[in-house]
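Chemist: got a sequence here, can you model it:
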Amino acid sequence: QVLLVESGGGLVQAGGSLTLSCAASERTFSSLAMGWFRQAPGKEREFVGGISRSGGSSGYADSVQGRFTVSRDNARKTVYLQMNSLKLEDTAVYYCAARYDLSARVVRDRSLYSYWGQGTQVTVSS
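Modeler: From the prediction side, this is the model:
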């Protein structure tokens, strides 16, 4: 069982920045591919960004490409989502997710993730 705990959400003005963190309980954190998803009211949960187990590969949704960056610190068993130039439409509950994956790929399909955090609210105001 992998426990994931997100932190760092909050209220930010449009154009501002915020960094989310997700701490994992798993000792072999480096065997986990990690992803960030978000869900706005009335919408499906969508892929935001992901990173391979080594951190060598990352990928993003088109809507956040160039503004968001996913990184990880395997020693700290933590994955981060740096969000810059935030827009009103970035308002959502953000979730981190994990799956055991020994490949070097970024996993975009939410159905492939086995473990999820509880979510953290990000609200972007005008």
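Chemist: contacts, neighbours, all on C-alpha from now
Modeler: Will do.
Chemist: name whatever forms a beta bridge with Val5.
Modeler: Taking DSSP bridges as the rule, Val5 bridges to Ala23.
Chemist: and it, how many neighbours?
Modeler: Applying other CA atoms under 10 Å, we find 19 residues neighbouring Val5.
Chemist: and what of Leu4?
Modeler: There are 23 residues near Leu4, going by other CA under 10 Å.
Chemist: can you check the one 3 residues further on too?
Modeler: By other CA under 10 Å, 18 other residues sit near Ser7.
Chemist: doesn't Leu20 make contact with it?
Modeler: Yes - counting by CA atoms under 8 Å, Leu20 is a contact partner of Ser7 at 5.8 Å.
Chemist: check for me that Glu89 belongs to a helix.
Modeler: Yes - under DSSP: H, G, I helix; E, B strand; the rest coil, Glu89 falls within a helix.
Chemist: what sits closest to it if chain neighbours are left out?
Modeler: Val124 (7.7 Å; CA to CA, 6 or more residues apart in numbering).
Chemist: for the one you found, give me the pLDDT.
Modeler: Predicted confidence (pLDDT) for Val124: 98.
Chemist: which residues touch the residue nearest the centre of the chain?
Modeler: With distances taken as CA atoms, centre = their mean, Trp36 lies nearest the centre of the chain, 2.3 Å away. Trp36 is in contact with Phe47, Val48, Gly49, Gly50, Leu81, Tyr94, Tyr95, Cys96, Ala97, counting by CA atoms under 8 Å, 6 or more residues apart in numbering.
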